[in-house]
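Visitor: no sequence on this one, just coordinates:
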């Protein structure tokens, strides 16, 4: 006990950046003093006006250090006024930690839907691609009412490739709900989104979700989350976070993992108590930063953002300002606010609320809707640079134009540049030829979602292999590195570790999680080494491993990395595949096509079992004669391997392309690269 007490003065202020090694020891001091209580602000007690809660206290009211205590603050001639009737929050977390399911439960308990209304799961994932893949891709707004307070909620993606969506919407809120899995704890994307929220100065409420899992370890998760706060240089007030334990799928929450309420009442109370009220300049000139854009067939482009100052009215004439101080006039034709799960027309909106604006046909993300006479632009939105690029070109295969509606380079160019209007984390550049475009994104999944959306819209084109974006600093070549976290069973750990080692990965952490004999290993690995790694790890672990990655930083060039050891089987001529030809061809490797499939010369029809490519005649027919010396041989074909779009992108190498059409995805050799060789 005396040893623990001696640590307390050394943590007089968190700005001293205590090491992660010291934090758990100081944390144990708090547990020793107050029983099973937890208060991350153990070092802040000397400053007064701090509170921490004990599990033995039940559901009594708790005051957070982040709660607003001032009504008004003088700023020049205008005054900042606190709006008590509004809270703006974003829900952030790692992928699959239960953000969207938790939002579903919040909407249901806020009586957004009728009692007899059918509500599908993950109601916020309204996009077809989101439902098919089970992930959130786009940020979405909704709102609920609780005890007379309107709570604007923004559901954000959890995958690192869509981090630009998270960075953008954090401008609209004063606080965040950080959802953490009760078994996995903080994961790579947890670190990324939390870092962005702390940089904005937002208050954080930590929600330990899936607390009903048999292998839940809430104490470890809370301790790990607090250590993460310290590593990210959080302020004293941010470290004094409120912890809520919840089961999103059951719609329960509580201040203790052993004592959950029958509803999400403790979570709603924590939001009202710990998320600061918006401070607004009600009488100042109008200012609204556009952070998202939607499109409606009848209303046109809809700008979404938070009103920072003034009052916005329907039919009002405004000025649209950009960061370079160029402005243009516009008129607001329609105005909407978010109530429950839909947009509701409004005549006026006060500062502090989130709204949607129609009438400005050329509005862009990052622009400011300001007062016509004295309006000024707000700081524009900045997101991190992309790390991976791919080449898009028109379809040049013999099957061009059979399935697609938009096949020309003009169609392709217009669609790609239109994507930039709402996808700030993506970049498009003209390529070496007039029909080639270079698309850069935060990862392969970021670009793959764009490809899948375009093919569903009727576009037909070809894409090349993903390449990392390197840069040169002080005559040194640097490349992006990522933190790869692999959750794998112990029996498959050997092959997985060998795979990561071959791709220049360096292990820096390994720990066991849960009671199922599963280990969590963390690597720092070049982004180049991750290309095609997911399928290899799934193969090595019999489909049981889970791989998560997040961008870390640029580092020295790691050297040559071999991502594929096998070659391709290439069609020898145009025609239709036959069982007779495939029977002999399947001895050479794994086939992609079955009998009766039309192929063309240069199309990749399988994986060669050895290094190097091999040309095959998969259209050969058996000679038809009238003389049969013996009985017909029974042909037994192996089931062809079906590759998804993501699999195809990971498979191809420098001299190969993926042909994208609305109905088909084919692999082929790139004739231009082959001629150069």
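Guide: Structure received. What you see is a predicted model, and the numbers here were worked out from it, not measured in a lab.

Visitor: how about the strands of the stretch 551-677 of the chain, start to end?
Guide: If DSSP state E, counting those that start in this stretch is used as the criterion, the strands of the stretch 551-677 of the chain fall at 568-571, 575-576, 589-591, 598-599, 603-608, 614-616, 656-660, 665-669.

Visitor: Out of those, which gets nearest to residue 251?
Guide: When those are ranked by proximity to residue 251, the top entry is strand 665-669, at 40.1 Å, counting by CB to CB. The way it works is simple: take the backbone N, C-alpha and C, and place the C-beta from them, glycine included.

Visitor: Sheet partners, orientation included, of that closest one?
Guide: As defined by DSSP bridges, the strand partners of strand 665-669 come to strand 603-608 (antiparallel), strand 656-660 (antiparallel).

Visitor: What residues does residue 194 make contact with?
Guide: For residue 194, the contacting residues are 92, 178, 186, 204, 228-229, 232, by CB atoms under 8 Å, 6 or more residues apart in numbering.

Visitor: before we move on, which element is it in?
Guide: helix 188-199 (DSSP states H and E).

Visitor: so what secondary structure elements neighbour the very next helix or strand once past that helix?
Guide: Scanning the chain past helix 188-199 towards its C-terminal end, the next helix or strand to appear is strand 203-209 (assignment: DSSP H and E). Contact here means 3 or more CB pairs under 8 Å, 6 or more residues apart in numbering; DSSP states H and E; on that basis strand 203-209 packs against strand 175-181, helix 188-199, helix 218-231, helix 236-239, strand 242-247, helix 265-274.

Visitor: Just give me the residue closest to the centre of the chain.
Guide: By CA atoms, centre = their mean, the mean C-alpha position of the chain lies nearest to residue 159, the distance being 2.8 Å.

Visitor: Can you give me the separation between it and residue 441?
Guide: Relative to residue 441, residue 159 is positioned 12 Å away (CB to CB, to the nearest Å).

Visitor: Ok, residue 156 next?
Guide: In this structure, residue 156 lies at 17 Å from residue 441, with CB to CB as the measure.

Visitor: same check, this time on residue 553
Guide: Where residue 441 is concerned, residue 553 sits at a distance of 18 Å (CB to CB).

Visitor: Same drill for these two, tell me which one is more crowded.
Guide: Looking at residue 553 and residue 441 with other CB atoms under 10 Å, you find the greater number of neighbours at residue 441, namely 26 against 10.

Visitor: mind checking pLDDT for that one?
Guide: The predicted local confidence for residue 441 comes out at a pLDDT of 89.

Visitor: does it really touch residue 161, like I thought?
Guide: Yes - at 7.0 Å, residue 441 counts as touching residue 161 under the criterion of CB atoms under 8 Å.

Visitor: Return every residue with contacts to both of these two.
Guide: Taking CB under 8 Å, 6+ apart as the contact rule, residue 441 and residue 161 have no neighbour in common.

Visitor: on that earlier part again, which one of the helices and strands packed on strand 203-209 lies closest to residue 151?
Guide: For the helices and strands packed on strand 203-209, the distance to residue 151 is smallest for helix 265-274, at 6.1 Å, taking CB to CB.

Visitor: Next SSE downstream of that closest one?
Guide: Along the chain past helix 265-274, the next helix or strand (assigned with DSSP H and E) turns out to be strand 279-280.

Visitor: strands paired with that following strand, and their directions?
Guide: Each strand paired with strand 279-280, and its direction, by DSSP bridges: strand 78-82 (antiparallel).
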